[in-house]
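> Can you look at this prediction? I've put the sequence above it.
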Protein chains: 2
Amino acid sequence: MSRRTARDLRSESRMAVLRAFFTLRTATRQELSQHTGLSVATVSTLVKEFLSAGVVQIEAMVSTGVGRPLELLRLDPGRGYLVGVDVAETYVETTVFDLSLEPLGTVSVPLDEHLNSPQYVVDGIRLAVHGVLALASIEASSVVGVGVSLPGQVQPDLGVSVFAPNWDWHDVRIKDLLTDDLGMHVHVDNPLKAITVAELWFGAGREHRDLAIVNLGTGVGSGFALNGELVRGVSNNAGEWGHTLLVFEGRLCRCGRRGCVEAYVGVGGLMATLAEIQPAHPALRITQQKPFVDAVQSGLVSGDGAMVELVDRTARYLAASLGDLVNMINPEHVVLTGWTVARLGDWLIPLVREKIQPAALASSLAVLTISASALSSSTVALGMSTLTLEHFLAAVGLPSSAGTTGSGTVAG
Amino acid sequence: MSRRTARDLRSESRMAVLRAFFTLRTATRQELSQHTGLSVATVSTLVKEFLSAGVVQIEAMVSTGVGRPLELLRLDPGRGYLVGVDVAETYVETTVFDLSLEPLGTVSVPLDEHLNSPQYVVDGIRLAVHGVLALASIEASSVVGVGVSLPGQVQPDLGVSVFAPNWDWHDVRIKDLLTDDLGMHVHVDNPLKAITVAELWFGAGREHRDLAIVNLGTGVGSGFALNGELVRGVSNNAGEWGHTLLVFEGRLCRCGRRGCVEAYVGVGGLMATLAEIQPAHPALRITQQKPFVDAVQSGLVSGDGAMVELVDRTARYLAASLGDLVNMINPEHVVLTGWTVARLGDWLIPLVREKIQPAALASSLAVLTISASALSSSTVALGMSTLTLEHFLAAVGLPSSAGTTGSGTVAG
C-alpha cells in the first residue's frame, strides 16, 4: 500500500544515476552526486555495480588541481546494443542504439494494414530487427534488449497487448511470441509511453519536470510526466486524452465512442472537417493519410482557402481539447509531436497558442509553454530503447541477474 | 531539475512515518519500519526528533516474549490542536482536532454571498475559529496551526488566493491577512486538495494508491493521487475536471468558458437541465441551491417523473465526463463526494456505474471501482488540518524551527 521498500529506493537511485549519464554524457562521481542529489557514497556504490557489469567505463582521469585525479565515467557504448521498434498499422521501423543511446542505423519495413495476425506482425518485426542489425554490422548476440512499441493498450509487466483496435487483438501474449521468435530479451510498451520517456530524458524534460506530450497522427494521444516521472496509471492507460470528449454525442470515433478528440484532430477528423467545409475538395479523393496531410500542407503554402479554414477549425478543436488537458494536469510545458505536427505545426501551433487562452484557467496558462518537439525522428524507438535499458539496469547487481550480467541478455 | 536532495528524502521519510501513525494509530518502531519500508534505524532517528518535539509520546511498553519490551508510540493528542477551516461562498465551517486528528468540535458561521471583501471573509473566519476554540475549551496559544481552505485557485507556498471567481478576488494575500488577524500559524489551500488528502490518509486511500476524488456541489471539481501522492500540478491547479469540456460550445459556465462539466453537473447545471425537461416545474421556483437539491431528492423518493429524468440525464453527463477522467488518469478508484452526492448519490451512483461503460476504455474500467465517500462530514477541515500538521512536522527537527518546537507555533 503506502510503503516504499528499500529495494524501490535502491532502484530509484540507480535510475537517477542512469538518467544523469543521459544528460551529462560524461561525469565524475562528484558530478553525478551533485546532479542527482544522492550522496557521493551512494553514487560510488552504484557506479561500482555498473562498472562490474561493464555498463559504465572510465573515459579518462581528470585533475582538479587539488588531491588525486578523478575518474571521468560514461556509459560504455561497446557494452552492447539496444534495438527500438516502432510498430504501427502500416510499418515497422527499427533503430539500433549503442548503450549510450546513440543511434547507429534505422530500417523500415512496410506492413499491409489489412493483415492483422500476430504472426504476420511478428514476421515484420523479425525482418526489421535483423535488417537494422545487418545494416549496422551488429551481431544478434551483442543485443542487450529489444524494446517494441505496439499500438493500443499494452501491459509491459505481463508482456501483453491488451487491445489493439485496428488489428482486433485482445490479450495477445506478444512478448512471449517475440522472445521465442527473436531469441532476444524483449520489452513491450505503448508508443505514447515511449515518446514521453524520450522527451523526458532527451527532449523537453531536460527543462521541465511537469510535462505533457501530445502526439497527432492517424490516432492522437498524450503522455505525461509529473515531478520528472512518467505517469502510467494503474493499468498503463493514463494519457488517453485522444479518447476524451470534445463534442458530447458528436462524430463517431474509431474507438466506438462518440465525440472523442481523435475524431476531430486525428487525420480522419481532418478529412471529415474538410468534407464539411468543401465536400468536393480534390484532396478528399486522397484516401491515404500521409499524402492527404501533405496535400493540406501544400494547400496552406499556396493559400488554398479551404485548407486555411481547415487549419483554423482544427486549431480551435485542438486548443479546446488541450485546454482540458491543461486544466486536468496543470503541466509546465506541452510538447506537440507526431507526423501531423511535423507537416502542419508551423500553422497549427501559433493558432493553438492564441485559441487556448479562453479554454483554460488563466493561472494554469500563466505558467505554461507550448512547443513542437525538438527531437528528430525515431522518438518511439529512442523511448523504447531507454525503457529497455532501464529494465536491464534495474536487474544489474541484483541477485537474480548475477548469472546474466556477462551474457548480454537478462531474463524478463 | 531532475535532482532530489537529501533534505527531500528526509522530508519524505518523515511524512511516511506521520502517515503510518494516521493509519496505525499506535505502533512500535518495528511496526513503523514494516509499514513504511524504511529501516528501523531511520525510523528510530525520526521518532527521536518527534519525541523531542513532543509530537509523539510513549503510550505503553509491549512485551514480545523475546528480548526487552518495545515502546508503543502514538501521536501525542495533548501536544497541541489544529483548526481546519472550510470557507465557502455562503458559510465558514471550522473543526478543531487534536494532534492525532480526532475531531473535538465544529462551528459554522454564515457568510452573506453578496459581500466579498477580504476583510469581511477574514472577520467570518476569525469568528468561526474563536467560536470552535471556545466550544472545545481550547486556548488559542495551544493551537499548532490553522488550515484554511478557500474556493478558487490558491497558491499555498505564497499564501495567496490567486483567483476566487465568485468573490472577484485576484491575488489576495490571504495568509498574511489571516496570520495578522488571528495571531496563529496559517496554512492555505484549495478545498479539492484538502478533500483528496483527507481521502488519501483517512478514506479510500487506505485501499487505493491511484485515486480520483470527484466533488459535486455548487461547483464541481476533482483531485487525484498517484502512487499515494497528491498531484498538485505546477501551479496547484491540477484536477480542474469541472472545467473540462462536456459539450463543445455548450452552456455558458460560471468560469466564462462554454460547455464545461460544471455547467451540466453542478447544481446550476441541474437547474438548467430541469428547466429543459419541464420549464414550469415547481422546484424551479427555489432559488437556493441546497433546498433545490433537497427538492430533487424528495421528488425521487416520491417518483416525480421529471426528477427521475433529471437524474438520468445528469448521470449521463456525469458518466461521460467521468469517462474522460478515467481515460486521462487511469485511477484504481473514484470517490464521489460533496453535498449533491450526499443527497442524490443513492440514485446517481448506480446509474453512473452503468453509463460509464461505453464512455471509457474497457481495460481502464476493468480495474476501476466507484463509490461514495465513506468519510463523515468536515472532510475539508480534516484535510486542511492534515496538510497543516504535515507543514508543521516538515519543520520539526530542521535547524530553522529549532527555536519554535517548544512554543506550539512555527514560522510559515
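Good, I have the coordinates.
> quick one: A:Val220 and A:Ala263 touch, right?
No: applying C-beta atoms under 8 Å as the test, A:Val220 and A:Ala263 come out as separate, 9.5 Å apart. Quick note: C-beta positions are derived from backbone N, CA and C, even for glycine.
> who touches both of those two?
Common contact partners of A:Val220 and A:Ala263 (C-beta atoms under 8 Å, 6 or more residues apart in numbering or on different chains): none.
> Just the helices from chain A, written as ranges.
Using DSSP state H, the helices found in chain A span residues A:6-24, A:29-36, A:40-52, A:118-135, A:174-182, A:191-202, A:262-265, A:267-277, A:289-302, A:305-329, A:339-355, A:362-365, A:379-395.
> Now do the buried residues in stretch A:129-146.
For stretch A:129-146, burial by neighbour count (16 or more other C-beta atoms under 10 Å in any protein chain shown) applies to A:Val129, A:Gly131, A:Val132, A:Leu133, A:Ala136, A:Ile138, A:Ala140, A:Val143, A:Val144, A:Gly145, A:Val146.
> separation between the last one and B:His170?
By that I understand A:Val146. In this view, A:Val146 and B:His170 are 54 Å apart by C-beta to C-beta, to the nearest Å.
> about what we covered before: possible to save the helices of chain A as JSON lines with mean pLDDT?
What follows is the helices of chain A, written out as JSON lines (pLDDT from 0 to 100):
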{"stretch": "helix A:6-24", "mean pLDDT": "82"}
{"stretch": "helix A:29-36", "mean pLDDT": "93"}
{"stretch": "helix A:40-52", "mean pLDDT": "92"}
{"stretch": "helix A:118-135", "mean pLDDT": "97"}
{"stretch": "helix A:174-182", "mean pLDDT": "97"}
{"stretch": "helix A:191-202", "mean pLDDT": "95"}
{"stretch": "helix A:262-265", "mean pLDDT": "97"}
{"stretch": "helix A:267-277", "mean pLDDT": "97"}
{"stretch": "helix A:289-302", "mean pLDDT": "96"}
{"stretch": "helix A:305-329", "mean pLDDT": "97"}
{"stretch": "helix A:339-355", "mean pLDDT": "96"}
{"stretch": "helix A:362-365", "mean pLDDT": "93"}
{"stretch": "helix A:379-395", "mean pLDDT": "91"}
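> Dump these to CSV, plus distance to B:Pro69.
Formatted as CSV, these follow (distance: least, C-beta to C-beta, whole Å):
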stretch, distance to B:Pro69
helix A:6-24, 27
helix A:29-36, 41
helix A:40-52, 35
helix A:118-135, 61
helix A:174-182, 52
helix A:191-202, 50
helix A:262-265, 63
helix A:267-277, 69
helix A:289-302, 73
helix A:305-329, 50
helix A:339-355, 66
helix A:362-365, 54
helix A:379-395, 41
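> how about those helices in a markdown table, adding distance to chain B?
A markdown table is the format used below for the helices of chain A (distance: least, C-beta to the nearest C-beta, whole Å):
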| stretch | distance to chain B |
| --- | --- |
| helix A:6-24 | 6 |
| helix A:29-36 | 6 |
| helix A:40-52 | 10 |
| helix A:118-135 | 18 |
| helix A:174-182 | 15 |
| helix A:191-202 | 9 |
| helix A:262-265 | 9 |
| helix A:267-277 | 13 |
| helix A:289-302 | 22 |
| helix A:305-329 | 4 |
| helix A:339-355 | 12 |
| helix A:362-365 | 5 |
| helix A:379-395 | 14 |
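> picking that back up, report the two of the buried residues of stretch A:129-146 separated the most.
Greatest spatial distance in these: A:Gly131 and A:Val144, 18.6 Å, computed using C-beta to C-beta.
> contacting residues around the nearest residue to A:Trp201 once chain neighbours are set aside?
Counting by C-beta to C-beta, 6 or more residues apart in numbering or on different chains, A:Phe22 is the residue found nearest to A:Trp201 once chain neighbours are left out, at 4.7 Å. Shown in contact with A:Phe22 (C-beta under 8 Å, 6+ apart): A:Leu101, A:Trp201, A:Phe202, A:Thr386.
> The second one contacts A:Leu389, correct?
No: using C-beta under 8 Å, A:Trp201 is not in contact with A:Leu389; the gap is 10.3 Å.
> For A:Ala359, give its distance to A:Leu216.
In terms of C-beta to C-beta, A:Ala359 sits 17 Å off from A:Leu216.
> Neighbour count for the two, which is higher?
It is A:Leu216, of A:Ala359 and A:Leu216, that has more neighbours when counted by other C-beta atoms under 10 Å in any protein chain shown, with 28 against 23.
> Check whether that one really touches A:Gly269, as I assumed.
No: using C-beta under 8 Å, A:Leu216 is not in contact with A:Gly269; the gap is 9.9 Å.
> check contacts around the residue in the stretch 251-400 of chain A positioned nearest to chain B.
Going by C-beta to the nearest C-beta, chain B is nearest to A:Asn330 of the stretch 251-400 of chain A, at 2.4 Å. Each residue near A:Asn330 by C-beta under 8 Å, 6+ apart is listed here: A:Asp210, A:Ser364, A:Val367, B:Arg232, B:Gly233, B:Val234, B:Ser235, B:Asn236, B:Asn237, B:Ala238, B:Gly239, B:Glu240.
> Likewise for A:Ala272?
Taking C-beta under 8 Å, 6+ apart as the test, what A:Ala272 contacts is A:Arg251, A:Ala263, A:Tyr264.
> what's the distance between it and A:Leu216?
In terms of C-beta to C-beta, A:Ala272 sits 15 Å off from A:Leu216.
> Point me to the residue of the stretch 101-250 of chain A nearest chain B.
Chain B sits closest to A:Gly233 of the stretch 101-250 of chain A, with a gap of 2.4 Å, by C-beta to the nearest C-beta.
> and that residue, how many neighbours?
For A:Gly233, the neighbour count with other C-beta under 10 Å is 20.
> Please tell me I have it right and it contacts B:Asp210.
Yes: using C-beta under 8 Å, A:Gly233 is in contact with B:Asp210, at 6.6 Å.
> what sits in contact with each of those two?
B:Leu226, B:Ile329, B:Asn330, B:Pro331.
> tell me the contacts of the residue nearest to A:Thr379 when sequence neighbours are not counted?
Computed as C-beta to C-beta, 6+ apart, the closest residue to A:Thr379 that is not its neighbour in sequence is A:Ala198, at 4.7 Å. Listed by C-beta under 8 Å, 6+ apart, the contact set of A:Ala198 reads A:Leu375, A:Thr379, A:Val380, A:Leu382, A:Gly383, A:Thr386.
> Provide a ChimeraX selection command restricted to the buried entries of the residues you listed.
Of the contacts of A:Ala198, the buried ones go into a single ChimeraX selection, burial set by 16+ other C-beta under 10 Å:
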select /A:375,379,380,382,383,386
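> Take the contacts of A:Ala198 and write them to a markdown table, including distance to A:Glu113.
Formatted as a markdown table, the contacts of A:Ala198 follow (distance: C-beta to C-beta, whole Å):
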| residue | distance to A:Glu113 |
| --- | --- |
| A:Leu375 | 26 |
| A:Thr379 | 22 |
| A:Val380 | 18 |
| A:Leu382 | 25 |
| A:Gly383 | 23 |
| A:Thr386 | 28 |
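> domain ranges for chain A?
Domain assignment for chain A by automatic domain parsing gives A:6-75, A:79-194+A:378-398, A:205-372.
> On the strand side of things, show who the nearest residue to A:Val341 once chain neighbours are set aside bridges to.
Distances taken as C-beta to C-beta, 6+ apart put A:Leu216 closest to A:Val341, at 5.3 Å, once the chain neighbours are dropped. Counting by DSSP bridges, A:Leu216 is bridged to A:Val220.
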